[in-house]
Structure formats: structure tokens, C-alpha cells
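1. Structure of the sequence below:
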Amino acid sequence: MDVNGGLTNVTNDPAEDTDPSWSPDGAWIVYSSDRGGDDGSIWAIPAGGGTPIQITHDPAYDGAPSWSPNGQRIAFESKRSGNLDI
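-> Just a heads-up that it's a prediction; the model follows:
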């Protein structure tokens, strides 16, 4: 969202990008995506757009990312153990 309240598409990929979470300082957005062939991975992109960075690399589902209040960590749910864990 820009300063005037308008929306801006920051990802451009045929993959399904879901669960966006803004960093506390507003500079980054983390999200879940099936781009790259995984069942779901965590990605980050600058809030103004740019090249996405893959944060998790595992064939199991990782999703629903959320920033810590200080912006230094990201929690997410994962099925790496076979169960849905955080």
C-alpha cells in the first residue's frame, strides 16, 4: 500500500503468494509461496517491490509467517515433522 492508500503489486509470479506480514519497520514483507516447487516456503521482498528472497528451503509446507515485535525473527508454521508445528 502506498502513502495515499493505493495498492501496489510487489510480486509478479504465477505461484500462489499468501499470508503477507509487514516487518515492524515497514521495510519488508514476508509471505508464503509455492514458487520454486516446494509445497510452500517463506519468502521476503522489499515493501516497495524488488527481487524476492527465499527464506526457507524444505519440500514440506512452511507458511503463515509473522515477524517478532523487534523485527529480528520470523515465526512460521511448518509440516516438516509430519505435524503442523510452529
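2. got the contact list for the closest residue to residue 19 other than its chain neighbours?
-> Distance criterion C-beta to C-beta, 6 or more residues apart in numbering; nearest residue to residue 19, sequence neighbours excluded, is residue 32 at 4.5 Å. In short, each C-beta sits where N, CA and C put it, glycine included. Contact criterion C-beta atoms under 8 Å, 6 or more residues apart in numbering gives 17, 18, 19, 40, 41, 42, 43, 62, 63, 64, 65, 76 as the residues in contact with residue 32.
3. Quick check: the farthest pair among the residues you listed?
-> Pairwise distances among the contacts of residue 32 were taken by C-beta to C-beta; the largest, 14.4 Å, belongs to 17 and 76.
4. secondary structure class for the residue nearest to residue 19?
-> Assigned by DSSP: H, G, I helix; E, B strand; the rest coil, the conformation of residue 32 is strand.
5. Give me the below-cutoff pLDDT ranges for the protein.
-> Judged by pLDDT under 70, the chain has its weakly predicted residues at 1-7.
6. Quick check: bridge partners of the residue nearest to residue 19?
-> Going by DSSP bridges, residue 32 is paired in beta bridges with residue 18, residue 42.
7. Give me the nearest residue to the most centrally placed residue in the chain, chain neighbours excluded.
-> With distances taken as C-alpha atoms, centre = their mean, the residue of the chain nearest its centroid is residue 31 (1.6 Å). Once flanking residues are discounted, residue 31 sits nearest to residue 20: 4.5 Å by C-beta to C-beta, 6+ apart.
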